[in-house]
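Colleague: give me coordinates for this.
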Amino acid sequence: MKNQQRLFIAITLPDDLLEGLADVQARLKRKLARYPLRWVRPEGIHLTLKFLGDTDPARIPEIVAALEARASAQAPFQVAVGGLGMFPNARRPSVLWVGMQDEQRHLQRLARQIDKAMTKLGWQPEKKAFTAHLTLARVQRHASNGERRALGQEVTDLRGFERVGVLSVRRVCIMRSHLRPGGAVYNHVHCVELGHEI
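Modeller: Just a heads-up that it's a prediction; the model follows:
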């Protein structure tokens, strides 16, 4: 339908963390210049919790209500940001990312609760386990198997990216994605505050 909006639920990042990620990208661009990578614009980096896809805007109030019910039960928390990773693996990478050190599994629980809430509203449950990550770059489709293997090995061997910053998670947002020729542009639709510690 024409009036549908491409929506997802995410945690947005503060400016200082976005600046840290932009610095990581700049360093990686120099080290990985020979590989066919398409870099994500730093201002567009976010932590996706649940992709909803094309959605009738009339459904936004029920999504907000479901999020509010789940978010109120989760106290704000912090996670360290750092460490490089690749999807699906280092032998044939297609995505390069920075991870989250979520030892207390706060992000895992939040993502699982949101997935359950959206499943009750009719969305498909996630098949894969949630991996908290911030996408930095995508390997271009024309990259050869040899280039992918070499890239994977080089990223695996990189040091100095273990600690990028700390993310304070205080709210989750429904975001809208506008697909443009230069890459996706994101807008906030509605944000929900996490509950407060008792």
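Colleague: check the spatially most central residue of the chain and give its pLDDT.
Modeller: Nearest residue to the geometric centre of the chain (Cα atoms, centre = their mean): Leu47, 2.8 Å. pLDDT, Leu47: 96.
Colleague: distance of it from His133?
Modeller: To His133, Leu47 is 8 Å away according to Cβ to Cβ, to the nearest Å. Glycine gets a C-beta too; all of them are placed from N, C-alpha and C.
Colleague: and what of Arg148?
Modeller: Distance, Arg148 to His133, using Cβ to Cβ: 18 Å.
Colleague: over to Arg92?
Modeller: With Cβ to Cβ as the criterion, Arg92 and His133 are 17 Å apart.
Colleague: out of those two, which sits in the busier spot?
Modeller: Here Arg92 and His133 are set side by side on neighbour count (other Cβ atoms under 10 Å), and the busier one is His133, at 20 against 15.
Colleague: list the contacts of the nearest residue to that one once chain neighbours are set aside.
Modeller: In this structure, His133 finds its nearest non-sequential neighbour in Trp97, 4.0 Å apart by Cβ to Cβ, 6 or more residues apart in numbering. Listed by Cβ atoms under 8 Å, 6 or more residues apart in numbering, the contact set of Trp97 reads 84-87, 133-136.
Colleague: spatially nearest residue to Asp102, not counting backbone neighbours?
Modeller: Using Cβ to Cβ, 6+ apart, the closest residue to Asp102 is Val79 (5.1 Å).
Colleague: so what's the one you found bridging to?
Modeller: Judged by DSSP bridges, the bridge partners of Val79 are Leu167.
Colleague: from Thr131, how far out is it?
Modeller: 13 Å.
Colleague: and for Arg176?
Modeller: 23 Å.
Colleague: cool, and Glu19?
Modeller: 24 Å.
Colleague: again with Ile174
Modeller: With Cβ to Cβ as the criterion, Ile174 and Thr131 are 21 Å apart.
Colleague: the two: who's more crowded?
Modeller: Comparing Ile174 with Thr131 by other Cβ under 10 Å, the one with more neighbours is Ile174, at 22 against 14.
Colleague: who touches the more buried one in this structure?
Modeller: Contact analysis of Ile174 by Cβ under 8 Å, 6+ apart lists 7-9, 60, 63-64, 67, 188-191.
Colleague: neighbouring strands - and their directions - for the helix or strand encompassing it?
Modeller: Here Ile174 sits within strand 171-178, counting by DSSP states H and E. Within its sheet, and counting by DSSP bridges, strand 171-178 is paired with strand 5-11 (antiparallel), strand 185-193 (antiparallel).
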